[in-house]
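Q: coordinates only, sequence not included:
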């Protein structure tokens, strides 16, 4: 009789297990029913953003027009508007240097004087000969006018005067070659010679630069040639002044494309009133072509997903606002703004702060500038679910 008792005990265990499972399923159903009841308790709960909570606070901004340009990046080297190396035309000893390093000089100012003792003596001799020839010419002119001198003698005196004058001008030219003057107004660089030094043509005594304007030369790929026209705006930056944007425009585009690099040389002009820029500086260049007025929203309003870009539009609903998930087509992203090419109308309010706190079609509260989304109320609570 032991076997029947064992069989009945096994059956009792199975029945007890089934009963326990039924109790667990019943409890879960009750919990799910409670969730559904809370969700269906009416629009008032949903309007508050969740059971017992308020609608999340967000900051919104209107979609407005913004200027966008197609940017071309390049690297260029700054050059002075005008620049020369101060060097003598003839070999001689430096008699005097009339400038100091970093001095601002006017056009025509004397910069360097070379020794010209021999040339000065030649000029004095030529000037005396010219004065004598001039007196002779005047005397012969009077005699000719009175009829006491033939025309041939007057012509000979005129030729002698012209020759003496030419010798004087040649001597003065040799003196001028030993006096170096500034061909334009500018700033002198470091002086690299001293009085008494023997200088030859090509030897550097210093530099002179006009840096009131800066010429910026840079190379651009030939594929961008259609965007490069005189007058197109550029913005240049340098590591010496990382927070300053130097604005200018293209002045000229080279007439040839380099056959080796397939690039074209472009020259832009940058105003340099404060003289921050110096010749030789390396600068990054952004050519801003094709300027256009397009609809834009702040970049933090954009939600990028695999199937495209979206924004939350704060649409009016039941006396408040609801977050409507809207797909948009985007273009350039510059300076924290995103170009909107489709999907959004001008003036629509888009959520720019608190985007992560809202869900599609969820009521939201618009907050002021002096508030943050975290100050405006708690995030919507997740529905309570039972454990399986």
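A: Here it is on my side, so go on. Just so it is clear, the structure is predicted and the values come from calculations on it, not from any experiment.

Q: residue 240 reaches residue 281, doesn't it?
A: Yes: taking contacts as CB atoms under 8 Å, residue 240 lies within contact range of residue 281: 6.8 Å. Using the backbone N, CA and C atoms, a C-beta is placed for each residue, glycine as well.

Q: which ones are touching the spatially closest residue to residue 103 that is not a sequence neighbour?
A: Nearest residue to residue 103 in three dimensions, chain neighbours excluded: residue 188, at 5.0 Å (CB to CB, 6 or more residues apart in numbering). Contact partners of residue 188, counting by CB atoms under 8 Å, 6 or more residues apart in numbering, are 86, 99, 100, 101, 102, 103, 104, 105, 111, 206, 207, 208.

Q: which one of those has the most neighbours?
A: With neighbours taken as other CB atoms under 10 Å, the top of the contacts of residue 188 is residue 208, carrying 24 neighbours.

Q: so that one is in which element?
A: In this assignment (DSSP states H and E), residue 208 forms part of strand 206-221.

Q: residues of the next helix or strand after that strand that come out buried?
A: Sequence order places strand 233-238 as the next helix or strand after strand 206-221, per DSSP H and E. Within strand 233-238, the residues that count as buried by 16 or more other CB atoms under 10 Å are 234, 235, 236, 238.

Q: so strand 233-238 versus strand 206-221, what angle?
A: For strand 233-238 and strand 206-221, the angle between their directions (axes from the mean of the first three to the mean of the last three CA atoms, to 10 degrees) works out to 120 degrees.

Q: who does strand 233-238 pair up with?
A: Counting by DSSP bridges, the strands paired with strand 233-238 are strand 241-257 (antiparallel), strand 282-298 (antiparallel).

Q: for residue 98, which residues are in contact?
A: The neighbours of residue 98, taking CB under 8 Å, 6+ apart as the test, are 109, 110, 111, 112, 113.

Q: need the strands paired with strand 233-238 in CSV (columns: mean pLDDT and distance to residue 325).
A: Shown next, in CSV, are those (pLDDT from 0 to 100; distance: least, CB to CB, whole Å):
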stretch, mean pLDDT, distance to residue 325
strand 241-257, 93, 37
strand 282-298, 87, 14
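
Q: most tightly packed of those?
A: strand 282-298 (a mean of 17; mean count of other CB atoms under 10 Å).

Q: following the lowest-mean-pLDDT helix or strand in the chain, which helix or strand comes up?
A: Ranked by mean pLDDT, DSSP states H and E, the helix or strand of the chain with the weakest confidence is helix 43-47, at a mean of 43. Reading on from helix 43-47 to the C-terminus, the next helix or strand found by DSSP H and E is strand 57-62.

Q: other SSEs contacting the helix or strand following that following strand?
A: Beyond strand 57-62 in the direction of the C-terminus, DSSP H and E gives the next helix or strand as strand 64-86. With contacts taken as 3 or more CB pairs under 8 Å, 6 or more residues apart in numbering; DSSP states H and E, strand 64-86 sits against strand 186-188, strand 206-221, strand 233-238, strand 263-271, strand 282-298, strand 320-334, strand 337-342.

Q: neighbouring strands - and their directions - for strand 64-86?
A: Sheet pairing of strand 64-86 (DSSP bridges) gives strand 206-221 (antiparallel), strand 282-298 (antiparallel).

Q: same question for whatever helix or strand comes next after the longest one, mean pLDDT?
A: Towards the C-terminus, the helix or strand next in line after strand 282-298, according to DSSP H and E, is strand 303-305. Strand 303-305 shows an average pLDDT of 90 in the prediction.

Q: in strand 303-305, what's buried?
A: Under the neighbour-count criterion of 16+ other CB under 10 Å, strand 303-305 has residue 303 buried.

Q: quick one on the thing from earlier: for residue 240 and residue 281, indicate the residue with more neighbours.
A: Taking neighbours as other CB under 10 Å, residue 240 and residue 281 compare with residue 281 leading, 18 against 12.

Q: what residues are up against residue 202?
A: Going by CB under 8 Å, 6+ apart, residue 202 touches residue 87.

Q: distance of it from residue 293?
A: According to CB to CB, to the nearest Å, residue 202 and residue 293 sit 55 Å apart.

Q: what does residue 308 give?
A: In this view, residue 308 and residue 293 are 24 Å apart by CB to CB.

Q: hmm, back to that, what would the buried residues of strand 233-238 look like in CSV with distance to residue 154 and pLDDT?
A: Shown next, in CSV, are these (distance: CB to CB, whole Å; pLDDT from 0 to 100):
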residue, distance to residue 154, pLDDT
234, 68, 92
235, 72, 93
236, 69, 95
238, 71, 95
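
Q: which of the residues in stretch 191-203 are buried?
A: Judged by neighbour count using 16+ other CB under 10 Å, the buried positions of stretch 191-203 are 191, 193, 199, 203.
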